[in-house]
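A.B. asks: Attaching a predicted model along with its sequence, questions to come.
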Amino acid sequence: MQVKVISKKENPLLKRREVRFEVYHDDAGSTPARLEVRKAVADALKTNVDLVFLKKFETKTGTHTAAGIANIYDSVDAAVLTEPKFIVKRNVPPPPEKPKE
């Protein structure tokens, strides 16, 4: 999976960087999971995964290219204050399941 950053914009008022990107996912076939894309964007921008919040992510019809928008915050606290709850919930990995007895 390759990540290409289309544009970066600093937003000092909200303490974040707003990034538009494209992901080429020929090897995966289908659209990759949000958490995988989040990690790939963090690696491409050399930042911590916990500071990256994907706002929008969709595959273009008939291609292996997906376009998206992400916000990279200076701290997790700034992200929780700014981002809507449903966006924060989408970008957090699910808790591990407890084994059934």
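C.D. replies: Received, thanks.
A.B. asks: Same question for the helix or strand hosting residue 57: list its buried residues.
C.D. replies: Element membership for residue 57, per DSSP states H and E: strand 52-59. Buried positions in strand 52-59, judged by neighbour count with 16 or more other C-beta atoms under 10 Å: 52, 53, 54, 57, 59. C-beta coordinates here come from the backbone N, C-alpha and C atoms, glycine included.
A.B. asks: May I have the beta-bridge partners of the third one?
C.D. replies: Under DSSP bridges, the beta-bridge partners of residue 54 are residue 70.
A.B. asks: could you measure it against residue 77, distance?
C.D. replies: Separation of residue 54 from residue 77 (C-beta to C-beta, to the nearest Å): 19 Å.
A.B. asks: Repeat that for the first one.
C.D. replies: Between residue 52 and residue 77 the distance is 15 Å, computed by C-beta to C-beta.
A.B. asks: Is residue 49 in contact with residue 39, as I believe?
C.D. replies: Yes: using C-beta atoms under 8 Å, residue 49 is in contact with residue 39, at 5.4 Å.
A.B. asks: Could I get the full set of helices for the chain?
C.D. replies: Using DSSP state H, the helices of the chain run over 34-45, 76-82, 85-90.
A.B. asks: Who are the packing partners of the shortest one?
C.D. replies: Judged by 3 or more C-beta pairs under 8 Å, 6 or more residues apart in numbering; DSSP states H and E, helix 85-90 is in contact with strand 52-59.
A.B. asks: neighbours around residue 24, how many?
C.D. replies: 14 (other C-beta atoms under 10 Å).
A.B. asks: Disregarding residues adjacent in the polypeptide, which is nearest to residue 67?
C.D. replies: The shortest distance from residue 67 to any non-neighbouring residue, by C-beta to C-beta, 6 or more residues apart in numbering, is to residue 22 (5.3 Å).
A.B. asks: if we can go back for a sec, out of the buried residues of strand 52-59, which one sits closest to residue 15?
C.D. replies: Using C-beta to C-beta, residue 53 comes nearest to residue 15 of these, at 12.5 Å.
A.B. asks: Quick check: which ranges of this structure have low pLDDT?
C.D. replies: Low-confidence segments of the chain, defined by pLDDT under 70: 28, 101.
A.B. asks: what about the nearest residue to residue 64 once chain neighbours are set aside, distance to residue 67?
C.D. replies: Distances taken as C-beta to C-beta, 6+ apart place residue 26 nearest to residue 64, at 4.7 Å, with adjacent residues excluded. Distance of residue 26 to residue 67, computed by C-beta to C-beta: 15 Å.
A.B. asks: All set now, cheers.
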